[in-house]
Structure formats: C-alpha cells, structure tokens
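> coords below, sequence missing:
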C-alpha cells in the first residue's frame, strides 16, 4: 500500500533514494522495483530485519532484475549518517508526526538531498487525526506515538523554510480513516478487536491486494475529503 505517488515523485532507474523511517519498507520496495539504488533507514532493527527478508524474497522471485543495490540502515532522522547531497529523492512517510524536533528532521532530509532533488513527505491529515485523538487517548499518548497534528500550510511552510520549493500535494487512504475511527471508538489497543473492526480490516486487505476494484475507485473519489494521509511533494532549491 503506497502513500507516495512515484510518478509525481519522479523516481527513475539509477536514482539514489532514501526511504527515511521506512517501517516495513513498502516505499523502498517500490523504488527498488523501479531500478533505484535505495537506502531504507529506520530506528527499529526489527523492522529492518523484515525489510531485508522481503528484499531477499523479491530477489529470489526475480522481482528485482538488477538486484537490490543499497541496503537497510539503522539510523536516526535527526542525524542521518550519509554525506551531504547523497540522494536524488527522499521519502519520509508517516514519520514527522513522531519526531519532537521536526524542523531538525526536515533539515537533515534536505541536507542529504542533492540540489534539485525531489522530496515526498506524508503525515496524517488534520481532521481525521483529530477524530482519532478525541476517541481514544491511547492512539497518540503512547511511547513512539504521534506528538503533533499538522495543518497543511504549517507543514508546507516548514518544508519551504528547510530550503525547498513546493511541487504539489494530495490526500490518500480515505477508507482508512473510518477504520481508525472504529478502532479508536472500540479501544485502539484491544488484543481481540470486535467483529466490526475485523470485518473492516478484511475489506481493506481485499482492496490492498487488488481484489476489490470498486473500493479502489471509491477511495480515489473520497480521498480529497476523507484521506487519512496528506502527501506533500517538494524539490530542493539549487542555490
């Protein structure tokens, strides 16, 4: 399930791509499929172990014809251990809402991006996120949880201040907003979710696996008003 539109980001074969806060690696895998050299960076060794395992499986299945150049790196968003201007594109998907010093993290993203390089940042959309916060404090008040809710203009102003010009935005994952509202309303950390949550989850899995084209069309139509994620594209200034 991709949040970033790779066509809008403009990832091409041979590009050097950083997926910062890669989690399970969904965006890193797509960049590898497109022939990029990818560094998947995360603080969690457990997540990186999974990324390495999936990348190995993709190689074995012949999904990555030219290998998987780059690798998975343990690191911190506030101190990325690479040289300045190392990447043609940087992705930070659902990361900044977890970082107290988001200004410092954006400065690092731009530092490692070459002049003219492309940036994609995604965060939870403001009003769906506010509903989740109001329904269950455990959704955000937890170690490693969300520490802020962004207004779009606030995020865009921070990206511009870090040394980029904006290249557009959109929303994604509209059908995920009601799912998270339902989870929060019934107890977000329940070990045994109620039937309604399980059935909705099964529905999302069908959509993600491409087995429900009607749902994909519905989500596309609802994204502008109900999208769970805000995606902002930018480009590093050349001078």
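Structure received. Just so we're clear, the structure is a prediction, and the values are computed from it rather than from any experiment.
> how many neighbours does residue 229 have?
22 (other C-beta atoms under 10 Å). Placement of C-beta: from N, CA and C, glycine included.
> doesn't residue 174 make contact with it?
No. Assessed by C-beta atoms under 8 Å, residue 229 is found out of contact with residue 174, at 9.4 Å.
> Strands of the protein, start to end?
16-20, 37-42, 70-74, 87-93, 113-124, 164-172, 229-236 (DSSP state E).
> Just put these in JSON lines and tack on mean pLDDT and distance to residue 184.
JSON lines is the format used below for those (pLDDT from 0 to 100; distance: least, C-beta to C-beta, whole Å):
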{"stretch": "strand 16-20", "mean pLDDT": "97", "distance to residue 184": "27"}
{"stretch": "strand 37-42", "mean pLDDT": "95", "distance to residue 184": "25"}
{"stretch": "strand 70-74", "mean pLDDT": "91", "distance to residue 184": "31"}
{"stretch": "strand 87-93", "mean pLDDT": "98", "distance to residue 184": "21"}
{"stretch": "strand 113-124", "mean pLDDT": "98", "distance to residue 184": "13"}
{"stretch": "strand 164-172", "mean pLDDT": "98", "distance to residue 184": "19"}
{"stretch": "strand 229-236", "mean pLDDT": "98", "distance to residue 184": "17"}
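> Ok, which of those strands comes nearest residue 152?
Nearest to residue 152, of all the strands of the chain, is strand 229-236, at 5.9 Å by C-beta to C-beta.
> distance between that closest one and the chain's centre?
Counting by C-alpha atoms, centre = their mean, to the nearest Å, strand 229-236 is centred 11 Å from the centre of its parent chain.
> Please work out how many residues are found near residue 132.
Neighbour count for residue 132, taken as other C-beta under 10 Å: 21.
> Over to the one 3 residues further on?
Applying other C-beta under 10 Å, we find 18 other residues in the vicinity of residue 135.
> same deal with the one 3 residues further on?
Residue 138 has 13 neighbouring residues, counting by other C-beta under 10 Å.
> Make 503 the starting number, not 1.
Fine by me, first position is 503 from now on; the one you just mentioned is residue 640.
> rewinding a little: determine which of the strands of the chain approaches residue 648 most closely.
Closest among those, once you apply C-beta to C-beta, is strand 615-626, at 7.0 Å.
> Show me what that closest one is packed up against.
Packed against strand 615-626 by the contact rule (3 or more C-beta pairs under 8 Å, 6 or more residues apart in numbering; DSSP states H and E) you find helix 508-511, strand 589-595, helix 604-613, helix 654-663, strand 666-674, strand 731-738.
> Since that was my last question, I'll sign off now.
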